[in-house]
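Participant: sequence and computational prediction follow.
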2 protein chains.
Amino acid sequence: MSLAKKIISGDQRALARALTFIEDGDAASERILAELHAHGGKAHLVGVTGAPGVGKSTLVNALAQSVRARGDTVGVLAVDPTSPFSSGAVLGDRIRMRDLAGDKGIYIRSMATRGALGGLSHATAAAADVLDAAGFDCVLIETVGVGQAGVEIAANVHTTIVLMAPGSGDDVQAIKAGILEIADILVVNKADLSGAEQTRAYLRSTLTMGQTARAVAGHPHSEQADTPSPGWEVPLLMTVASVGEGVDELLQSLVAHHDYLASSGELDNRQRERMRAIVELRLRNRLYTRLVQQVSQQRFDALLQAIVARETDPYSAVASLMEDID
Amino acid sequence: MSLAKKIISGDQRALARALTFIEDGDAASERILAELHAHGGKAHLVGVTGAPGVGKSTLVNALAQSVRARGDTVGVLAVDPTSPFSSGAVLGDRIRMRDLAGDKGIYIRSMATRGALGGLSHATAAAADVLDAAGFDCVLIETVGVGQAGVEIAANVHTTIVLMAPGSGDDVQAIKAGILEIADILVVNKADLSGAEQTRAYLRSTLTMGQTARAVAGHPHSEQADTPSPGWEVPLLMTVASVGEGVDELLQSLVAHHDYLASSGELDNRQRERMRAIVELRLRNRLYTRLVQQVSQQRFDALLQAIVARETDPYSAVASLMEDID
């Protein structure tokens, strides 16, 4: 039986192997993804993002349990840039697993960056597709969302939850980093800390400003998957994830957002844009690989040397390589 | 006179225009970069990265003044993901400019993401090349360095300074995010806060572990520009950037690292890898553009529709498109 067939039949060891192939940028992953594709497209893909320390892991853990309590199955991807020092990925898995072990309806995996073609965001998208095809109703993707990384991951999901904590200055920083613009649902976690109400009020006024700005800019049928949903009013929720407070309400908002996406046609848009990105990345890789095969290493190195010596420039060198293959 | 010639002659308005072309992904930027290339390769490119709130802007400001006091010229790029709400980039410029206005030996610019081909890290690399060709001795690039973004920027510079603040938990988070691995120089800023000594001791022990790990792994002549310098012992410095404390020592470390890179041959490696990345990105873009011209929009859309309908998969679709152009 192929690895893909095993995954579809619910074999979690096969699932783990496929995810490792994806992480490592192994050529086998493409065959597996191709075979799995026909079985995907059903899961609700959810990104959970925020600055370090806002409590993402705790919230994702609580949310996963809430999804399970509702009777749905859930896959969790904790996206963690590789660190050879800490082995944070492995450690993280073990800590989480203690709470959730023994339930086949939940699958938790940390993802690292090593080797994945197109970087972490594409590896994460592929991993989400695998969990989707494996039959999980909901896939939660947890990422450190400062700056570009958060925005890229948001383009790969249906619903983006942005998480903040009160009083840490994260709110202002997040606005600077453009993270509010990607939120479909905004959550103030650690709502039992002092300053929570202040943070909520601040975010509320910023959200109102932003929604006005978007309404004025007016893109009712945006093709871009990484802009917030038009016609959707971003809910602002308060949670204390460590004791589960507010987590059921968050799940309700998640379900409401999925319903909104499905009924407005926006879900189809987001699915299409995800696929367009996958096709484009793959095409770029194939085209570049083909060029590398057509041009000798010697020719390439000589050009590079001339660029470093400032005898030619990178743009003339590229033009010359393009002529080679034409 | 061409824009490039104006830039080389020290025209800062021409410089500003070229940087805007790069930010916007304007086609003109390529011509300008090509013309400037012969005049580049002299500047010391320095990345300053760290989590939000550690005091990067303050440190970069102080460091820039320290470079000037030494008699060198300095360009500063503050890399700031675009936010339509806050206009943080513009605001940031103005605040900084108050301290440094009227000195032609310093140039400060915020960079946003909009439209740049290959994303922010490539736009930043191009902007650094422009400042290099404009004759600045040192280019300081300030980035929010959590996760992938920080690592990518590090691949574009000669020296990476990683900044932390005491007691914020940033130290542990940074290790998780792999940010220590990219440091050529490690700085604990806000060293007057309680917990600074503890953070320093913690980082010291982690650094020692890391350097041992790297020595065991053993890659003495790594071609990778984003790994720390082999044979270079990462200094761990303490600063209070707000009052300039420790900033001269930091500058000394910067100069020492540049000397080390030049004498070990590692500077040449890093220059070559920067150029390789620029050539590769440009080739990928050219190849993809050519394919898009060869394949009809109709054909592409039909394939995308079939993928979304799960009638075919992205990988078979790509194979089929590659056959079209062969």
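Facilitator: Yes, it's here.
Participant: same for the longest helix anywhere in chain A, what does it pack against?
Facilitator: When chain A is parsed with DSSP state H, its longest helix is helix A:266-294. Judged by 3 or more C-beta pairs under 8 Å, 6 or more residues apart in numbering or on different chains; DSSP states H and E, the packing partners of helix A:266-294 are helix A:119-133, helix A:247-264, helix A:314-325, helix B:266-294, helix B:297-308, helix B:314-325. (Each C-beta comes from the backbone N, C-alpha and C, glycine too.)
Participant: neighbouring contacts of the fifth one?
Facilitator: By C-beta atoms under 8 Å, 6 or more residues apart in numbering or on different chains, the surrounding residues in contact with helix B:297-308 are A:37, A:41, A:268, A:271-272, A:275-276, A:279, B:292, B:312-314, B:317, B:320-321, B:324.
Participant: can we see that at 6 Å?
Facilitator: Residues outside helix B:297-308 that contact it (C-beta atoms under 6 Å, 6 or more residues apart in numbering or on different chains): A:Gln271, A:Arg272, A:Met275, A:Arg276, B:Thr312, B:Pro314, B:Ala317.
Participant: ok so, going back, so for the longest helix of chain A, mean pLDDT?
Facilitator: The average pLDDT within helix A:266-294 is 91.
Participant: can I get the helices and strands packed on helix A:266-294 in TSV including mean neighbour count and distance to B:Glu23?
Facilitator: Formatted as TSV, the helices and strands packed on helix A:266-294 follow (neighbours: other C-beta atoms under 10 Å in any protein chain shown; distance: least, C-beta to C-beta, whole Å):
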stretch	mean neighbour count	distance to B:Glu23
helix A:119-133	24	21
helix A:247-264	17	32
helix A:314-325	17	18
helix B:266-294	18	16
helix B:297-308	15	28
helix B:314-325	17	31
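Participant: quick one: which of these is nearest A:Tyr288?
Facilitator: With C-beta to C-beta as the measure, helix B:266-294 is the member of the helices and strands packed on helix A:266-294 nearest A:Tyr288 (5.2 Å).
Participant: could you pull out the helices for the stretch 101-250 of chain A?
Facilitator: Secondary structure of the stretch 101-250 of chain A (DSSP state H, counting those that start in this stretch): helices at A:119-133, A:148-154, A:170-176, A:196-217, A:247-264.
Participant: between the ones you listed, which gets the lowest average pLDDT?
Facilitator: In terms of mean pLDDT, the lowest-scoring of the helices of the stretch 101-250 of chain A is helix A:170-176 (a mean of 55).
Participant: okay, the residue in the stretch 201-326 of chain A that chain B sits nearest to: pLDDT?
Facilitator: Evaluated by C-beta to the nearest C-beta, the stretch 201-326 of chain A has A:Asp313 as its residue closest to chain B, separated by 3.5 Å. pLDDT for A:Asp313: 96.
Participant: kindly report the same for A:Ile95.
Facilitator: Here the pLDDT value assigned to A:Ile95 is 47.
Participant: now A:Asp129: how far from chain B?
Facilitator: A:Asp129 sits at a distance of 9 Å from chain B (criterion: C-beta to the nearest C-beta, to the nearest Å).
Participant: my guess is that residue contacts A:Gly41. True?
Facilitator: No - contact criterion C-beta atoms under 6 Å: A:Asp129 and A:Gly41 do not qualify, at 9.0 Å.
Participant: burial measure for the closest residue in space to A:Gly105 that isn't next to it in sequence, as a count.
Facilitator: Spatial nearest neighbour of A:Gly105, excluding adjacent residues (C-beta to C-beta, 6 or more residues apart in numbering or on different chains): A:Thr73 at 4.2 Å. Using other C-beta atoms under 10 Å in any protein chain shown, A:Thr73 is surrounded by 21 other residues.
Participant: ok, A:Thr73 to chain B distance?
Facilitator: Remark: distance between A:Thr73 and chain B (C-beta to the nearest C-beta) = 20 Å.
Participant: list the contacts of that residue.
Facilitator: Going by C-beta under 6 Å, 6+ apart, A:Thr73 touches A:Gly105, A:Phe136, A:Asp137.
Participant: same thing with A:Leu19?
Facilitator: A:Leu19 neighbours (C-beta under 6 Å, 6+ apart): A:Arg109, A:Ala127.
Participant: how far out from the middle of the chain is whichever strand or helix holds it?
Facilitator: Using DSSP states H and E, A:Leu19 maps to helix A:12-24. Its chain's C-alpha centre and that of helix A:12-24 lie 17 Å apart, by C-alpha atoms, centre = their mean, to the nearest Å.
Participant: tell me which residues of that helix are tucked away?
Facilitator: Within helix A:12-24, the residues that count as buried by 16 or more other C-beta atoms under 10 Å in any protein chain shown are A:Ala14, A:Leu15, A:Arg17, A:Ala18, A:Leu19, A:Phe21, A:Ile22, A:Glu23.
Participant: and the closest residue in space to the third one that isn't next to it in sequence, how many neighbours?
Facilitator: In space, A:Arg17 comes closest to A:Leu3 once its chain neighbours are excluded; the distance is 6.4 Å by C-beta to C-beta, 6+ apart. Each residue near A:Leu3 was counted by other C-beta under 10 Å, and the total is 20.
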